[in-house]
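*Asks:* just a sequence and a predicted model for now, questions to come.
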Number of protein chains: 2
Amino acid sequence: MNVVNESPRRKELTRLAAQLFVQEGFDRTTVRMLAQEMGIKSGSLFHHFRDKQEILAAVIEEGTQNALTLARQALEECGESASERLHAMARAHLETLLTDRNAHVVALYEWRRLDPAARDHLSHLRDAYEELWERVIDEALAAGLIHGDRFLVSRFVMGALNWTVRWYDPEGPRKPEDLARELVAMIAPATHPRPGLSTKV
Amino acid sequence: MNVVNESPRRKELTRLAAQLFVQEGFDRTTVRMLAQEMGIKSGSLFHHFRDKQEILAAVIEEGTQNALTLARQALEECGESASERLHAMARAHLETLLTDRNAHVVALYEWRRLDPAARDHLSHLRDAYEELWERVIDEALAAGLIHGDRFLVSRFVMGALNWTVRWYDPEGPRKPEDLARELVAMIAPATHPRPGLSTKV
DNA sequence: GGTTTACACTAGCGCTTGCTTGGTTGATCT
DNA sequence: AGATCAACCAAGCAAGCGCTAGTGTAAACC
């Protein structure tokens, strides 16, 4: 009966669920609401997902997987300099938030609702993504592009970026590219530092 | 019966509610859980609050009010230079998150659960707080301490600061003071710029 | 042609939810 | 001594919750 595979139908249902989870929050979204949005009856929902928890896990897995793929691709395609790589990561992050917004908002704000098993499984994906960031931050620090505590800097940057989902308007004049440029400029005023330049911290 | 005043008992109950809301989230926190934490029966709870919504509003109002008071005080006590004022605001913000953490986490993450009436009332408080920030950011921009788009910079800074509630460990070695210093250093490398110095953006 | 599979349906069980009702208690005030 | 009042309780209602059981059906497979 209940399938755990990756059927296209399930993917579509997951996308719809993400939208509702963002609109209402996970707890307030009932299986009946989900079913209606999907055009089926609530009982039929459990043919695709074992339980409500599994829908949440599917949404978050989808979003995180996409973000990871996009970030890796961006790092491969960009230049070698620390500032280019920093910019590429910031831009990829923001573009993911734009194109795949629902899944990411859910991942950020409903993570606590995952049961321990799902959380354990998905935290590996998330760690992989955060490792990409820490590596790029390390490179920027080593190149003298930015200064300060590695741990703090990376968390400040992640905070600034993740917070965008609360105010960013995709219809507005500012594009992800613009935001990424502005952020890098803010924390690394000299965008093309001479390699090996050391600055007092 | 139902009182809307500010009795000390109600304040204490609000504090307990904030703690539960952080632990479980607003939706998952039942009135029975709240009552048990408060050492009363669920029915008695409605003597102090009209409904569950009003408890949420009370928690958020309390937290935002404190933050506003603390920020104003910090700005009065600190020096006049842009970097000092920026640092004072960052520090006040982080200290509030530390000493009054529960209420602030609720304000940040359960805002959507407020009904329109409460949201309208509380948004004025929040706007007053954010105006303080925008003014300080403006001063820093005018002094050449930081550069860039006023709108984007203030939101990046708020994001970096608010995100701290997700990773900051009050028991750890880093104090709010340290975080504030590091953040200001990150976005304003020259902490004591000559007044009137203009820099190419 | 019979069996399997994928997907949907109806009906409803057992439980929890926010909140109400009607009443009791003990301290404070006049 | 009587009145007042905040604070609390026991009991329970109506609605909504996640989820299950059992069935129908059309296409796909052997």
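*Replies:* Received it, and whenever you're ready, just let me know what you need.
*Asks:* and A:Pro176, how far from A:Gln19?
*Replies:* Using CB to CB, to the nearest Å, one gets 21 Å for the distance from A:Pro176 to A:Gln19. C-betas here are computed from N, CA, C, even on glycine.
*Asks:* kindly report the same for A:Glu171.
*Replies:* Going from A:Glu171 to A:Gln19 by CB to CB gives 17 Å.
*Asks:* now A:Glu131
*Replies:* 30 Å.
*Asks:* ok, the two, which is more surrounded?
*Replies:* More neighbours surround A:Gln19 than the other of A:Glu131 and A:Gln19, with 17 against 10 (other CB atoms under 10 Å in any protein chain shown).
*Asks:* spit out the contact partners of that one.
*Replies:* When contacts are counted by CB atoms under 8 Å, 6 or more residues apart in numbering or on different chains, A:Gln19 touches A:37, A:102.
*Asks:* in which helix or strand does it reside?
*Replies:* Per DSSP states H and E: A:Gln19 is located in helix A:8-24.
*Asks:* does that helix reach DNA strand D?
*Replies:* No: using CB under 7 Å from any atom of the strand, we find that helix A:8-24 stays clear of DNA strand D, coming within 9.6 Å at best.
*Asks:* which strands or helices does the next helix or strand after that helix pack on?
*Replies:* Once helix A:8-24 ends, the next helix or strand along the chain (criterion: DSSP H and E) is helix A:31-38. Counting contacts by 3 or more CB pairs under 8 Å, 6 or more residues apart in numbering or on different chains; DSSP states H and E, helix A:31-38 packs against helix A:8-24, helix A:42-48.
*Asks:* any part of the last one near DNA strand D?
*Replies:* This points to helix A:42-48. Yes: applying CB under 7 Å from any atom of the strand, one finds helix A:42-48 touching DNA strand D at A:42-43, A:46.
*Asks:* touching DNA strand C at all, the helix holding A:Gln19?
*Replies:* Yes: using CB under 7 Å from any atom of the strand, helix A:8-24 reaches DNA strand C at A:Arg9.
*Asks:* could you do stretch A:105-122 as well?
*Replies:* No: figure legend: stretch A:105-122 not in contact with DNA strand C (CB under 7 Å from any atom of the strand); closest approach 14.4 Å.
*Asks:* end-to-end on that stretch?
*Replies:* In stretch A:105-122, first residue to last residue: 15 Å (CA to CA, to the nearest Å).
*Asks:* now swap in stretch A:19-29 and tell me
*Replies:* Distance across stretch A:19-29, first residue to last, is 10 Å (CA to CA).
*Asks:* buried residues in it?
*Replies:* By 16 or more other CB atoms under 10 Å in any protein chain shown, the buried positions in stretch A:19-29 come out as A:19-22, A:25-27, A:29.
*Asks:* figure out how far it is from the centre of its chain.
*Replies:* In terms of CA atoms, centre = their mean, to the nearest Å, the centre of stretch A:19-29 is set 18 Å apart from its chain centre.
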